[in-house]
Structure formats: C-alpha cells, structure tokens
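> only geometry, no sequence info:
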C-alpha cells in the first residue's frame with residue numbers, strides 16, 4: 001500500500017460564510033434585544049425578588065441564606 005505524506009491544508013477564507021455568520025449574529029442580537037419577556041403582562045408581581053447585599057437575586061426558595069426556619 002502506498003503512503004502519501006500528509007500536508008496541512010491552508011486556511012480557506014470564505015467571505016460569504018463569514019458574512020452569513022455575522023448577519024445571523026446581528027439579527028439574533030437585534031431580535032434578542034426587542035423580544036418581550038413572558039412575564040411582561042399587565043399583572044403585577046406578587047412579591048419583589050429578594051436580593052443579598054451584593055445585589056444578587058436569590059432565585060431559589062431552597063437557598064438557606066436569609067430564610068428563617070419554621071418553629
């Protein structure tokens with residue numbers, strides 16, 4: 001069996017593929033900025049989100065920070 005020495009292929013610059021990727025990124029960013037959130041109805045929130053002193057929002061009710069145990 002003959003063995004052929006392998007040589008790495010050069011970088012192929014495809015401006016059409018790069019333009020399509022850039023266009024998809026710009027469109028995704030634009031639609032993401034203008035997309036309405038599912039909670040943007042006229043109903044008021046039942047309770048504000050609790051934050052720690054860093055400004056981090058506690059997203060889980062199972063978190064032990066700031067929760068007092070029931071007697």
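Perfect, thanks for sending it. Computed from a predicted structure; not experimentally measured.
> so, low pLDDT: which residues of this structure?
Scanning the chain with the threshold set as pLDDT under 70 gives 1-2, 37-49, 53, 58-71.
> what segments of it are helices?
Here the chain has its helices, by DSSP state H, at 15-34.
> where do the strands sit along it?
For the chain, strands defined by DSSP state E do not occur.
> burial of residue 50, as a residue count?
Residues lying near residue 50 (other CB atoms under 10 Å) number 14. Quick note: C-beta positions are derived from backbone N, CA and C, even for glycine.
> measure it to residue 12 for me?
To residue 12, residue 50 is 53 Å away according to CB to CB, to the nearest Å.
> swap in residue 28?
25 Å.
> mind checking which of these two has more residues around it?
Between residue 28 and residue 12, counted using other CB under 10 Å, the more crowded position is residue 28 (10 against 6).
> quick one, what contacts the more buried one?
Contact analysis of residue 28 by CB atoms under 8 Å, 6 or more residues apart in numbering lists nothing.
> what's the separation between residue 22 and residue 50?
From residue 22 to residue 50 the distance is 41 Å (CB to CB).
> same check on residue 32?
Distance, residue 32 to residue 50, using CB to CB: 27 Å.
> swap in residue 20?
Distance of residue 20 to residue 50, computed by CB to CB: 44 Å.
> got it, and residue 26?
To residue 50, residue 26 is 37 Å away according to CB to CB.
> check residue 34 too.
From residue 34 across to residue 50, the span is 29 Å (CB to CB).
> again, but for residue 17
47 Å.
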